[in-house]
Structure formats: structure tokens, C-alpha cells
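J.: Sequence plus the predicted model coming up.
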Amino acid sequence: MTYETVLYSKDDTGIARVTLNRPEVRNAISETMQRELRDIWDDVRQDNDVRCVILSGAGHSFCTGIDRGEAISEDNTDAMARGDFPGYPTPWVFDDPGRDIGPKSRDCWKPVIAAVSGMACGGAFYLLGEVEFIIASDDATFFDPHVTYGMTASFEPIQMLAKMPFQEIMRLSLLGADERMSAERAREIGLVTEVAPRDELMERAEWAAGVIAGAPALAIQGTMRALWAGLELSRQQAIEIAHYFTRIGGDADALKEGQARFASGKRPEWRLR
């Protein structure tokens, strides 16, 4: 499949690769990219052969957010300064530009691993807030420049509340472009699960995606649903519905095969992280 701003491919191992491909603007998200990501997540959702996705950025950065050069003309900026959002009849009508960018926003419940190198900032958090986990290169940095340039940071840091401690995303949001979080600090706080040399980043992501794609799809997706629900519900509510996820996510053949594998004494050649 050919797109203007995103590289999208699938292979026979069950892995799809989605690469933001506007390196000349550090993969800033244009309206075209929004539409193409929407279509790609819809395709991933409907293709039973896709079991895991690796999301990355071409060139030197992962993504630098919404393309401000395209999104805000001089006329629009003047109007917004007056409290008038062009094209909307009242203050209660607003189309969030991130509504089509992330997989969960498109009801796509396939595992997505983000492989982040270089800058990841602002609107990049629409994507990172909806992935299963992040692997970063040692040169990755995270920041949110909204307040530096006179804008309220809201949608993006709210997305990241599920990924970062409150005071960390608050600091990142309030300090704007004046401070960047390193990959190592991101790992320390749990935003990033692993930091790799840049030339090893995709190998690490490919390995993890291969393990996930090789597991029973129903069990993987059931596990995802359970954990995302547990993130948003109270503990007791999540425990109450856990048995539904277990029942729905159960596949008799996969369970039988898995138990036979365990009984055989064979164990995976595991990695230590």
C-alpha cells in the first residue's frame, strides 16, 4: 500500500511496520498524515494476519507533533488570539486533530510497539499515549513545547498521564521547550521500557514484535483489553470483569498447544532486559 506521508508494510510473520515519513519536517503530522494514519489503523484492525505493529519515524526524529506551519495560518493565529476559533460556530465545537492519529482512537486493538529515536514532542504524544510500550534509542528526547509558544497543553499531556507519573508530565508540560527529558530519564520513570543504541533500536523492536506476533492472537488481544480496562477502572471494577476477558480471550486449541509445550519441558531462549 502506498501513502504520501507514511510507509506501511506487512510481512508473513504477522508484523506490520508503520513509519512516519516526513523527515524534512521531523515527521510533523499534516492533515494528509492524519488521514493516512486513520486509514492504516483501520486496515490493521481488520486484517487478521496482522498480529503486532512497529511504529517509528523516518530520519532523525520520531515525530514533532502537529505541523504548525500547515495548521495555523497568520489569519487563524490572529483569530485564535481573540478567542475565535475559525470554522467553529461556538466554543463548544472543536475537532481535535489527534482523534484519528492513535490506534485506540480508531478502535484498533492490536499491539503497537513504538521505536522512538530523536525528538518526540507535542502531538507525538497522541501516538505514544496509545501504544503498548516504547523502546527508545539513546539519543531520544521527550518534551512538550505548547506553553512556550502560547498554547495550552491539554490533549497531549492528558494522553501521557497513563504513561508517566503526574509530576513528571506536569513538569514536562510547564517547562515547555526549555527542558527535554532524556531517554534514560524516561526509562527511569517507566515511560520507556528499554533504551538501546540507535543502530540497535529496530532490532530490539523487531525481536519483541516477533515474540508477540508468534503468540495466540486472541490471548494477546484479550490481555491488552484487560490491562487497558484495568488502567481506567478502579481496581475492584477491573477484577470484577477480569473473568470475562479470560473467558472471551480463551482459545481451546491454543491453550491445549501451550500446555503441551509446557509439559514437554521446552522453554524459550529468553533475553534478560
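T.: Yes, it's here.

J.: From here on, just use CA atoms for contacts and neighbour counts.
T.: Fine.

J.: Check the offset of the helix or strand where residue 69 lies from the chain's centre.
T.: Residue 69 is part of helix 68-71, with elements assigned from DSSP states H and E. For helix 68-71, the separation from the chain centroid amounts to 22 Å (computed by CA atoms, centre = their mean, to the nearest Å).

J.: surely residue 242 meets residue 226?
T.: Yes: look at residue 242 against residue 226 with CA atoms under 8 Å: they come within range, at 6.6 Å.

J.: Residues in contact with the helix holding residue 69: which ones?
T.: Under the contact criterion CA atoms under 8 Å, 6 or more residues apart in numbering, helix 68-71 has outside partners residue 30.

J.: Dump that helix to PDB, restricted to CA.
T.: Provided in PDB are the C-alpha atoms of helix 68-71 (Å, rounded to 0.1, in the frame of the first residue of the first chain):
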ATOM      1  CA  ARG A  68       2.100  24.100  12.900                       C
ATOM      2  CA  GLY A  69       3.100  25.600   9.600                       C
ATOM      3  CA  GLU A  70       0.100  23.900   8.000                       C
ATOM      4  CA  ALA A  71      -2.300  24.100  10.900                       C
END
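
J.: So which bits of that helix are buried?
T.: Within helix 68-71, no residue is scored as buried using 16 or more other CA atoms under 10 Å.

J.: Please list all residues in contact with residue 115.
T.: Contact analysis of residue 115 by CA under 8 Å, 6+ apart lists 54-57, 134-137, 201-202, 205.

J.: One more pass at 10 Å, please.
T.: 19, 54-57, 62, 128, 133-137, 140, 192, 194-196, 198, 201-206 (CA atoms under 10 Å, 6 or more residues apart in numbering).

J.: Is it possible to mark the buried ones in those residues?
T.: Those of those that meet the buried threshold are 19, 54-57, 62, 128, 133-137, 140, 192, 194-196, 198, 201-202, 204-206, by 16+ other CA under 10 Å.

J.: what's the distance between the closest residue to residue 194 other than its chain neighbours and residue 273?
T.: Sequence neighbours aside, residue 135 is the residue nearest to residue 194 in space, at 5.0 Å (criterion: CA to CA, 6 or more residues apart in numbering). Applying CA to CA, to the nearest Å, the value for residue 135 to residue 273 is 12 Å.

J.: Then residue 156?
T.: 29 Å.

J.: more neighbours, those two?
T.: Neighbour totals were compared for residue 156 and residue 273, and residue 156 leads with 23 against 6 (other CA atoms under 10 Å).
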